[in-house]
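S.K.: Mind folding the following:
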Amino acid sequence: MDKLLVHGGTTLRGAVNISGSKNASLPILAAALLTDEDCIIRRVPDVSDTNYMVQILNALGADVERSSGTVRATCADISDTAPYELVRRMRASICVMGPLLARKRRAVVSLPGGCVIGDRPVDLHLRGLEALGAKVEFEGGNIILTAPDGLRGAEINLSGPLGPTVLGTDNVMMAATLAEGITVIESAAAEPEVLDLANFLNAMGAKIEGAGTSRIVIEGVERLHGVEHTVIPDRIEAGTFMAAAALAGDGVTLRRVCREHLKSITAAIEASGHTVEFNAAGDACTIRRGENLTGCNLVTAPYPGYPTDMQAQMTALLATTPGISVIKDTIFPQRFMHCAELKRMGADIKVDNGTAIVRGVEKLSAAPVMASDLRASAALVLAALTATGTTAINRLYHIDRGYEHIDEKLLMLGAAVERVKE
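M.R.: I've put the predicted structure just below:
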């Protein structure tokens, strides 16, 4: 098992390329199950989550080749049963449910695992698929979905107590592409990753309108065909490096970004006193650490609001920002496990009922810390960049779930980091 040693105090400079989006790649890889023709997907990040999805496709009978960020998947003769040993490792594997049901009229998927950041039920997924005509049963820890006569379009509301469900929207949208008639999804997730999936499906021959808004309309078609597609940039990786540059940078440029996707993150970085400058095309930006820094208030919200997946990283940035910051996570109120580890490094943070109150301290000091989930681990790396001494971050496999070669990218920017065996 690897751990990361971060020797604090170096200054980040230079430029780095942002990888393709993990959260867009996973449902797009799953969507390849909807056709028996070749799908070529480019800029798939080399992270453990996408590796698991490739393994799941292989286990289902697909022929999958992966090379230099490009995945070629041919799903000609596939099974309808996703194996527990793979599904349990990653929550996003639930998104094979929709395409399997649409293509095979039956799907057997284990209840998923994933990181521990609070309860993330799949009831909205099932409610949507039931509305399309699927029968849902549970047996031996598996979800068994059947639709022997095929799926039929319906009007579906996917609103939940914590807002729209991204993977639920993905699952229902994929299933509806091969359903008879028209499906309308109300309270759909509007995230860029949902739009990227819709663009992929439309290129396959689907008829989807409204993706990227709260109302998506899908007209079912008889079959879909193969396609080539390039995944959008990872806005959370971009936001993480924006925070790193604000913490420890002296002019860091991020390439392969999308300005439109980064509006709320950019606003938060600027609100705390740093500068972010985009080029005319909006596909590169330079972050410079500010001189007059100040605390700020953040409330997470579904897109286009501030993303819960950037809450931990911003907490790390604000831990050494003068003044008081208040961070409220309305999506996952339990997602503050990183705060206890940041406090071990000297941060002044109080967490109560889904809200963190952060009083900026002058300096953090190195300490052995433990990653509890993907974004928490990124926050610890950020905090360690400016901490006095060498911070050892254990359970590095969490960060490898969603950041492509983060240690190598930080080294390119001048950070002093090394991956070692525990």
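
S.K.: low-confidence ranges in the stretch 151-300 of the chain?
M.R.: Applying pLDDT under 70 to the stretch 151-300 of the chain flags no residue at all.

S.K.: Helices of the stretch 201-350 of the chain, residue ranges please.
M.R.: Per DSSP state H, counting those that start in this stretch, the stretch 201-350 of the chain carries helices over the ranges 235-248, 263-271, 311-318, 337-344.

S.K.: Need the winner for burial among these.
M.R.: Mean neighbour count (mean count of other C-beta atoms under 10 Å) peaks for helix 311-318 among these, with a mean of 29. (Glycine included, C-beta is placed from N, CA and C.)

S.K.: Is residue 399 part of a helix or strand, or is it coil?
M.R.: helix (DSSP: H, G, I helix; E, B strand; the rest coil).

S.K.: so what's it up against?
M.R.: Contact partners of residue 399, counting by C-beta atoms under 8 Å, 6 or more residues apart in numbering, are 4, 371, 374, 377-378, 381, 393, 406.

S.K.: what do you get for residue 133?
M.R.: For residue 133, the contact set (C-beta under 8 Å, 6+ apart) comprises 147, 149-152, 154, 179.

S.K.: Just the ones of those residues in helices?
M.R.: With DSSP state H as the criterion, helices contain none of these.

S.K.: Can you tell me, leaving aside adjacent residues, what's nearest to residue 351?
M.R.: residue 336 (4.6 Å; C-beta to C-beta, 6 or more residues apart in numbering).

S.K.: for the stretch 1-150 of the chain, what spans make up the strands?
M.R.: Along the stretch 1-150 of the chain, the segments classed as strands by DSSP state E, counting those that start in this stretch run 2-7, 12-17, 38-42, 63-67, 70-74, 106-110, 135-139, 142-146.

S.K.: List the contacts of residue 288.
M.R.: By C-beta under 8 Å, 6+ apart, residue 288 lies in contact with 245, 249-251, 274-275, 277.

S.K.: Which of the residues you listed ranks first by neighbour count?
M.R.: residue 245 (27 neighbours; other C-beta atoms under 10 Å).

S.K.: coming back round to it: any chance of the helices of the stretch 201-350 of the chain in TSV, plus distance to residue 169?
M.R.: Formatted as TSV, these follow (distance: least, C-beta to C-beta, whole Å):
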stretch	distance to residue 169
helix 235-248	17
helix 263-271	19
helix 311-318	21
helix 337-344	27
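
S.K.: Relative to residue 225, which of those is closest?
M.R.: Set against residue 225 and scored by C-beta to C-beta, the helices of the stretch 201-350 of the chain come closest in helix 235-248, at 29.2 Å.

S.K.: Dump the contacts of residue 399 to a markdown table, plus secondary structure, neighbour count and distance to residue 260.
M.R.: Rendered in a markdown table, the data for the contacts of residue 399 read as follows (DSSP: H, G, I helix; E, B strand; the rest coil; neighbours: other C-beta atoms under 10 Å; distance: C-beta to C-beta, whole Å):
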| residue | secondary structure | neighbour count | distance to residue 260 |
| --- | --- | --- | --- |
| 4 | strand | 23 | 32 |
| 371 | coil | 25 | 30 |
| 374 | helix | 24 | 24 |
| 377 | helix | 30 | 27 |
| 378 | helix | 30 | 22 |
| 381 | helix | 26 | 27 |
| 393 | strand | 25 | 32 |
| 406 | helix | 25 | 24 |
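
S.K.: JSON lines for the residues you listed, including distance to residue 24?
M.R.: Shown next, in JSON lines, are those (distance: C-beta to C-beta, whole Å):
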{"residue": "4", "distance to residue 24": "26"}
{"residue": "371", "distance to residue 24": "23"}
{"residue": "374", "distance to residue 24": "16"}
{"residue": "377", "distance to residue 24": "21"}
{"residue": "378", "distance to residue 24": "18"}
{"residue": "381", "distance to residue 24": "23"}
{"residue": "393", "distance to residue 24": "27"}
{"residue": "406", "distance to residue 24": "18"}
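
S.K.: Next, the contact list for the spatially closest residue to residue 77 that is not a sequence neighbour, please.
M.R.: Sequence neighbours aside, residue 61 is the residue nearest to residue 77 in space, at 5.5 Å (criterion: C-beta to C-beta, 6+ apart). Neighbour list for residue 61: 75, 77-79 [criterion: C-beta under 8 Å, 6+ apart].

S.K.: Can I get the buried part of these as one ChimeraX selection?
M.R.: Per 16 or more other C-beta atoms under 10 Å, the buried members of the contacts of residue 61 correspond to this ChimeraX selection:
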select :75,78
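
S.K.: Residue 234: which of the contacts of residue 61 is nearest?
M.R.: Comparing the contacts of residue 61 against residue 234 with C-beta to C-beta places residue 75 closest, at 24.7 Å.

S.K.: Can you report how many residues lie near the closest residue to the closest one other than its chain neighbours?
M.R.: Counting by C-beta to C-beta, 6+ apart, the nearest residue to residue 75 once its immediate chain neighbours are dropped is residue 62, at 4.3 Å. Residues within reach of residue 62, counting by other C-beta under 10 Å, total 21.

S.K.: unless I'm mixing things up, residue 62 is touching residue 79, no?
M.R.: No: judged on C-beta atoms under 8 Å, residue 62 makes no contact with residue 79 at a distance of 9.4 Å.

S.K.: picking that back up, can I get the contacts of residue 399 in CSV with distance to residue 221 and pLDDT?
M.R.: Shown next, in CSV, are the contacts of residue 399 (distance: C-beta to C-beta, whole Å; pLDDT from 0 to 100):
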residue, distance to residue 221, pLDDT
4, 47, 97
371, 43, 90
374, 35, 93
377, 41, 96
378, 40, 97
381, 45, 98
393, 48, 97
406, 40, 97
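
S.K.: quick check, nearest of those to residue 90?
M.R.: Lowest distance from residue 90 to these (C-beta to C-beta) belongs to residue 374, with 10.8 Å.

S.K.: tell me the contacts of that closest one?
M.R.: Counting by C-beta under 8 Å, 6+ apart, residue 374 makes contact with 115, 398-399, 401-403.

S.K.: Mind pulling the model confidence for residue 384?
M.R.: Looking at residue 384, its pLDDT is 98.

S.K.: Where does it fall, secondary structure wise?
M.R.: In this structure, residue 384 is located in helix 374-386 according to DSSP states H and E.

S.K.: Near residue 50, how many other residues are there?
M.R.: Residue 50: 27 neighbours (other C-beta under 10 Å).

S.K.: I'm done for today, thanks for sticking with me.
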